[in-house]
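**Student:** 3D, please:
(one chain, ligands or ions: 1)
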Amino acid sequence: MTTPLSARAPRIRGARALFTGRPGGVSTGEHAGLNLARHVGDDETAVERNRALLAAEVGAPLVFVEQVHSADVHVLPAQEVPAQGPASGDPAPAPVVRADAIVTDRTDVALAIMVADCLPVLLSDPVAGVVAASHAGRRGLLDGVLEATLAEMSRLGARPEDTTASIGPAICGACYEVPAPMREDAARRLPGTASTTSWGTPALDLRAGAVSVLCAAGLPAEAIDAEHPCTLEDERFYSYRRSARTGRFAGVLRRA
Ligand SMILES: [Zn+2]
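**Tutor:** Residues are numbered from 1 along each chain as shown. I've put the predicted structure just below:
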């Protein structure tokens, strides 16, 4: 998808996808740009305007979840058939679901997962027609959010060998400093995540961890698009490590 809101298009098959950045939005100050998150201290009207701009860009309503660093997956229910008779006014607002991944086989909505240093992971099986978006931070990744997402995709008919993935902009293994015990714990649970910052202290490489999870689940290595910028180093993106008071950008995809 070529779009002014997209920093670099994800390589993924069977879906229209993008990663947003800061450019293109109406938020100001610390949240300046296309902040998509409520509850981060931004002006609510600006957030709604930003979400509307993105929905217009994608051409479908956006589905967000309330992200809580869990491994819980929200499977979007099949499209509801309207009750007989003329629609009476606006539909009731959909309840906000707590989850850190969204899965669907619907084509009428776009899935949006918000991040600012955590990994936005987009998945699509073009054969089965199933798409997913996951929020994989340290906790979610170690707790199995990607495995849980793939399991729900398979319940809708997706197969790992047909699935393509894009791991978007996130803090890199040379920037994500953590205490040494945290690095040891993560490396024990997910080999490949241990890293060192560019200034020589313990760090985690969540992107490498996500790639190894996806490969272990059966995705072909060449089907994983993992080359995206570091959010701490690249100021086109929100970074929680750069500034605790900031916005969130998103990985977005819609089944083609
Ligand atoms: Zn970095």
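**Student:** Please list the residues of the stretch 1-150 of the chain that sit near the ion.
**Tutor:** Taking C-beta under 5 Å from the ion, no part of the stretch 1-150 of the chain reaches the ion. All C-beta atoms are positioned from the backbone trio N, CA, C, and that covers glycine.
**Student:** Strands along the stretch 101-250 of the chain, start to end?
**Tutor:** 101-104, 110-115, 119-125, 130-136, 164-167, 194-196, 202-204, 224-225, 249-255 (DSSP state E, counting those that start in this stretch).
**Student:** and the residue nearest the centre of the chain, what does it touch?
**Tutor:** Taking C-alpha atoms, centre = their mean as the criterion, residue 120 is the residue nearest the geometric centre of the chain, at 2.9 Å. Listed by C-beta atoms under 8 Å, 6 or more residues apart in numbering, the contact set of residue 120 reads 19, 113-114, 133-136, 167-170, 250-251.
**Student:** switch to 7 Å and redo it
**Tutor:** By C-beta atoms under 7 Å, 6 or more residues apart in numbering, residue 120 lies in contact with 19, 113, 135, 168, 250, 251.
**Student:** Closest to the ion out of those residues?
**Tutor:** The closest of those to the ion turns out to be residue 168 (C-beta to the ion; 14.0 Å).
**Student:** So the closest one is in contact with residue 227, correct?
**Tutor:** No. Under the criterion of C-beta atoms under 7 Å, residue 168 is not in contact with residue 227, lying 10.1 Å apart.
**Student:** And those two? Which one has more around it.
**Tutor:** Ranked by neighbour count (other C-beta atoms under 10 Å), residue 168 and residue 227 place residue 168 first, with 31 against 10.
**Student:** tally of neighbours for residue 123?
**Tutor:** There are 32 residues near residue 123, going by other C-beta under 10 Å.
**Student:** need the residues of the stretch 151-256 of the chain near the ion, please.
**Tutor:** Going by C-beta under 5 Å from the ion, the residues of the stretch 151-256 of the chain near the ion are 172, 175, 230, 232, 233.
**Student:** Could you rerun that using 6 Å?
**Tutor:** By C-beta under 6 Å from the ion, the part of the stretch 151-256 of the chain that sits against the ion consists of 172, 174, 175, 230, 232, 233.
**Student:** filter these to the buried ones?
**Tutor:** Among these, those classed as buried by neighbour count (16 or more other C-beta atoms under 10 Å) are 172, 174, 175, 230, 232.
**Student:** Model confidence for the first one, exactly?
**Tutor:** In the prediction, the pLDDT value recorded for residue 172 is 98.
**Student:** quick one: it and residue 195, what's the gap?
**Tutor:** Taking C-beta to C-beta, to the nearest Å as the measure, residue 172 and residue 195 are separated by 8 Å.
**Student:** For the residue nearest to the centre of the chain, which non-adjacent residue is spatially closest?
**Tutor:** residue 251 (3.1 Å; C-beta to C-beta, 6 or more residues apart in numbering).
**Student:** The residue in the stretch 1-150 of the chain that the ion sits nearest to - how many residues pack around it?
**Tutor:** Closest residue of the stretch 1-150 of the chain to the ion, C-beta to the ion: residue 117 (9.7 Å). Around residue 117 there are 24 other residues, counting by other C-beta under 10 Å.
**Student:** show me the contacts for it.
**Tutor:** Neighbouring residues of residue 117 by C-beta under 7 Å, 6+ apart: 170, 171, 231, 232, 239, 240, 241.
**Student:** now the helices for the protein?
**Tutor:** Secondary structure of the chain by DSSP state H: the helices cover 44-58, 138-143, 145-155, 180-189, 206-216.
**Student:** May I see those organised as a markdown table, with distance to residue 107, mean pLDDT and mean neighbour count added?
**Tutor:** Putting the helices of the chain into a markdown table (distance: least, C-beta to C-beta, whole Å; pLDDT from 0 to 100; neighbours: other C-beta atoms under 10 Å) gives the following:
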| stretch | distance to residue 107 | mean pLDDT | mean neighbour count |
| --- | --- | --- | --- |
| helix 44-58 | 12 | 96 | 17 |
| helix 138-143 | 27 | 97 | 21 |
| helix 145-155 | 16 | 98 | 21 |
| helix 180-189 | 36 | 97 | 15 |
| helix 206-216 | 24 | 98 | 21 |
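**Student:** Perfect, that will be all.
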